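[1] build me a model from this:
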Amino acid sequence: MEIDRRKEVINICLDLFIEKGLTATSTRDLSSALKLQNAGLYYYFESKDETVIACAEEAALRLENALIPSALREIHNPDVMMKRLQKRADEMASTMRFLVTVCASSQYKDKMKPALDRLAERYDHYAEQIAKKLSCKKEEIEPYVYMVITAVANYMIFYEDSLIYPQIQIAKEAIRKIVVSTNNS
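    Sure thing, here's the model as predicted:
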């Protein structure tokens, strides 16, 4: 029960950070959003910094859960996959911007490194899953998986199609070729 409540607290705090911004959100704001007394946040976290780190880790999970499963489902149809990724990226852009703000902050950068390392390790797993779905070698698809992840992340941060269009086109064409080659085998 306590784990569920902590998760709920993290999600409420994350939503407020996304809405108001990292620096504009006070511990009083967070406690108020949780319907707690002014220092009530400290029942769950030792400090605002600890709250920020927990929320940033949750933001990374939200992003993965919003983007990766839909890409895996649509991997055989690259055009549909990319359109859905863009739609989900539009919906998740504010979450990505919060995560980037935390990770780029000298105050939180070192504390976020373990979470980012875990995220990077999962990228390898996603490449394996996609290779399995496409019946190809991981080495064939891996560069394109990383290219798409980077392009979608950049799109969410900068909100500019022209920054990612070349990478998306290259990745779509590579995936399309792998799908055709697999279907012809």
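
[2] tell me where the model's unsure across the protein.
    Residues of the chain that meet the criterion pLDDT under 70 lie in 1, 185.

[3] ok, the residue nearest the centre of it - contacts?
    Here the mean C-alpha position of the chain is nearest to the C-alpha of residue 63 (C-alpha atoms, centre = their mean), at a distance of 2.7 Å. Neighbouring residues of residue 63 by C-beta atoms under 8 Å, 6 or more residues apart in numbering: 92, 95, 96, 99. C-beta: built from backbone N, CA, C; applies to glycine.

[4] where exactly do the helices run in this structure?
    With DSSP state H as the definition, the chain shows helices at residue ranges 2-20, 27-33, 48-73, 78-104, 109-134, 138-158, 161-184.

[5] can you redo those helices as a markdown table with distance to residue 40?
    Converted to a markdown table, the helices of the chain look like this (distance: least, C-beta to C-beta, whole Å):
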| stretch | distance to residue 40 |
| --- | --- |
| helix 2-20 | 10 |
| helix 27-33 | 4 |
| helix 48-73 | 12 |
| helix 78-104 | 22 |
| helix 109-134 | 23 |
| helix 138-158 | 32 |
| helix 161-184 | 42 |
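
[6] among these, which comes closest to residue 41?
    helix 27-33 (4.6 Å; C-beta to C-beta).

[7] Provide the contact partners of the closest one at residue level.
    12-13, 15-16, 20, 37-42, 48, 51.

[8] what's the most distant pair in the contacts of residue 63?
    Farthest-apart pair in the contacts of residue 63 is 92 and 99; separation 9.8 Å (C-beta to C-beta).

[9] those two: which is more packed in?
    Using other C-beta atoms under 10 Å, the more surrounded residue of residue 92 and residue 99 is residue 99, with 29 against 20.

[10] show me the contacts for the more buried one.
    The contact partners of residue 99, taken as C-beta under 8 Å, 6+ apart, are 56, 59, 60, 63.

[11] please repeat the previous calculation with a cut-off of 6 Å.
    Neighbouring residues of residue 99 by C-beta atoms under 6 Å, 6 or more residues apart in numbering: 56, 59, 60.

[12] let me have those residues in TSV, extended by neighbour count.
    Below are these laid out as TSV (neighbours: other C-beta atoms under 10 Å):
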residue	neighbour count
56	25
59	26
60	21
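
[13] mind giving me CSV with the residues you listed and columns for distance to residue 70?
    Conversion of the contacts of residue 99 to CSV gives the following (distance: C-beta to C-beta, whole Å):
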residue, distance to residue 70
56, 23
59, 18
60, 17
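
[14] closest one to residue 142 out of those residues, please.
    Nearest to residue 142 among the contacts of residue 99 is residue 60, at 20.5 Å by C-beta to C-beta.

[15] report the separation between that closest one and residue 16.
    When distance is defined by C-beta to C-beta, to the nearest Å, residue 60 is 17 Å away from residue 16.
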